[in-house]
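Trainee: Sequence and predicted structure below; questions after.
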Amino acid sequence: MNSRSDTVADRATSRFQHAYGQAPAGRWAAPGRVNLIGEHTDYNDGFVLPFALPLRTVVAATPQPTGSWTVCSELTGETVSFGTDEVTHPGRVTGWAAYVAGVVWALREAGHAVPGARLAVASDVPLGAGLSSSAALEAAVLAALVDLGGLDLPAERQPRLAQRAENRYVGAPTGIMDQSAVIRCRAGHALFLDCRTERVEHIPFDLDGADLAVLVIDSRAPHRHADGEYAARRASCEKAAGLLGVPALRDVPSAGLDETLARLPDDETRRRVRHVVTEDQRVLDTVALLRAGQVRRIGPLLTASHASMRDDFAITVAEVDLAVEAALTAGALGARMTGGGFGGCVLALVEADQSDRVGAAVTTAYADRAFAAPTVTTATPAPGATRLD
Ligand code: ADP
Ligand code: MG
């Protein structure tokens, strides 16, 4: 039905027309995101620095007078309907539509009169690749419902609500980063987020002006044991904070770290703490360089972040280590896995005219090891969630 050249917004409209036999009242978009640096720092009350991708999820929507909700997605081919009964308690709508029902539930819980709606979803954000298709879906649906209902919910309060939808309704224990990034990012900027205070600051991240590019390399590695390992890392961070007598590892100063680590009982715990404390510092150092317009100089911080995730936090896998190594060997200024780990994507900072060469080198290295071919795209910092028309 759709030609390849259709934009994601066109596809949302045609999906809507096809499902409901009418034109939508409007279209709302929210991007995927990558985290430039700051991994596993969020639940330690620390710092992250994501930016939004040009890949987007678009929701076409119109009010539905019956006070119920109907949603279809080109990615699943399914249409799901639910009424107020299904959004009085979490968990009554399951599967992908739970992300939509969760937003309705969270809005109602917060006291908003949510309008019934017909919705159609199209997306360029790959699912489950660590680029936050889930937050993109929540944010686009939330933006649509807020506008259709004329709800009083400014952008700075939306991330918390979308996170609640995902944590409580869908049942996925995510931090505040994804929703903050996809809702609050600005074009040409990264979003410096303090996960303790939720304070955000837009940091200039001008790749074009510096003749640089960021490659996003999807390792295509299956997420092996990711949930259990995530829970284990989180538990050891919380335990270490308790042993050190601080509310969270964010409160451990990076100065004098060796003496602090000596107070911990075993090598594994010391490594976990060292990753988190040094990673927070690398975020602060990256922000300082970007504020000073020194984009090129963040490369070594990215690479150090990867080494810390690989050696101290033990969350990388062979495919992502290979992508980082091949990119650096081919001349990348820095490279690191991005996201929670055990698969997912790698970012490489490269001279703009070296993008193709570095991408090809990673693809060749994968072929040599008989790994599934990676997908390589370039990313420029894009805007957060917005109404299209
Ligand atoms: P990520 O956010 O890294 O892409 P998650 O596992 O958190 O991975 O979220 C992916 C899930 O979000 C999908 O399995 C699906 O249930 C839902 N989802 C995201 N985008 C869409 C979409 N466009 N259409 C239908 N479901 C979607
Ligand atoms: Mg997600």
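Mentor: That came through fine. Residues are numbered from 1 along each chain as shown. Ligands and ions are numbered 1, 2, ... in the order given.
Trainee: Okay, and the residue lying closest to residue 252 once chain neighbours are set aside sits in which element?
Mentor: The spatial neighbour of residue 252 that comes closest, neighbours along the chain excluded (Cβ to Cβ, 6 or more residues apart in numbering), is residue 277 at 5.0 Å. (Each C-beta comes from the backbone N, C-alpha and C, glycine too.) Using DSSP states H and E, residue 277 falls within helix 267-291.
Trainee: quick one, strands of the chain?
Mentor: Taking DSSP state E to define them, one finds strands in the chain at 26-35, 47-48, 50-63, 69-73, 79-82, 117-123, 189-194, 200-204, 212-218, 334-338, 345-351, 375-379, 386-387.
Trainee: Ligand 2 is nearest to which of these?
Mentor: For ligand 2, the closest of the strands of the chain is strand 26-35, at 9.5 Å, according to Cβ to the ion.
Trainee: Can that closest one be said to contact ligand 1?
Mentor: No: Strand 26-35 does not reach ligand 1 (Cβ under 6 Å from any ligand atom); its nearest approach is 7.5 Å.
Trainee: check whether that strand contacts ligand 2.
Mentor: No: figure legend: strand 26-35 not in contact with ligand 2 (Cβ under 5 Å from the ion); closest approach 9.5 Å.
Trainee: Next, the angle helix 267-291 makes with that strand.
Mentor: Relative orientation of strand 26-35 versus helix 267-291 (axes from the mean of the first three to the mean of the last three Cα atoms, to 10 degrees): 120 degrees.
Trainee: Strand 26-35 pairs with which strands, parallel or anti?
Mentor: strand 50-63 (antiparallel), strand 386-387 (antiparallel) (DSSP bridges).
Trainee: Find the closest residue to ligand 2 in the protein.
Mentor: residue 134 (3.3 Å).
Trainee: need the contact list for that residue.
Mentor: Residue 134 is in contact with 99, 166, 170, 172, 174, 178, counting by Cβ atoms under 8 Å, 6 or more residues apart in numbering.
Trainee: most surrounded residue in those?
Mentor: residue 178 (29 neighbours; other Cβ atoms under 10 Å).
Trainee: What residues of the helix holding residue 277 count as buried?
Mentor: 269-287, 289-290 (16 or more other Cβ atoms under 10 Å).
Trainee: before we move on, back to that, export the contacts of residue 134 as a markdown table, with columns for pLDDT and distance to ligand 1.
Mentor: Listed next are the contacts of residue 134 as a markdown table, based on pLDDT from 0 to 100; distance: Cβ to the nearest ligand atom, whole Å:
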| residue | pLDDT | distance to ligand 1 |
| --- | --- | --- |
| 99 | 98 | 5 |
| 166 | 97 | 8 |
| 170 | 97 | 8 |
| 172 | 91 | 6 |
| 174 | 85 | 7 |
| 178 | 96 | 7 |
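Trainee: Could you tell me the end-to-end distance of stretch 185-195?
Mentor: Stretch 185-195 has an end-to-end distance of 15 Å (criterion: Cα to Cα, to the nearest Å).
Trainee: Figure out how far that stretch is from the centre of its chain.
Mentor: Offset of stretch 185-195 from its chain centre (Cα atoms, centre = their mean, to the nearest Å): 12 Å.
Trainee: For the spatially closest residue to residue 73 that is not a sequence neighbour, give me the pLDDT.
Mentor: Distances taken as Cβ to Cβ, 6+ apart place residue 121 nearest to residue 73, at 4.1 Å, with adjacent residues excluded. Listed pLDDT for residue 121 reads 98.
Trainee: Residue 121 and residue 158, how far apart?
Mentor: 18 Å (Cβ to Cβ, to the nearest Å).
Trainee: of those two, who's got more company?
Mentor: residue 121 (28 against 24).
Trainee: so that one bridges to which residues?
Mentor: Going by DSSP bridges, residue 121 forms beta bridges with residue 59, residue 73.
Trainee: and it, what does it touch?
Mentor: Residue 121 sits in contact with 12, 15, 57-59, 71-75, 137, 140-141, where contact means Cβ under 8 Å, 6+ apart.
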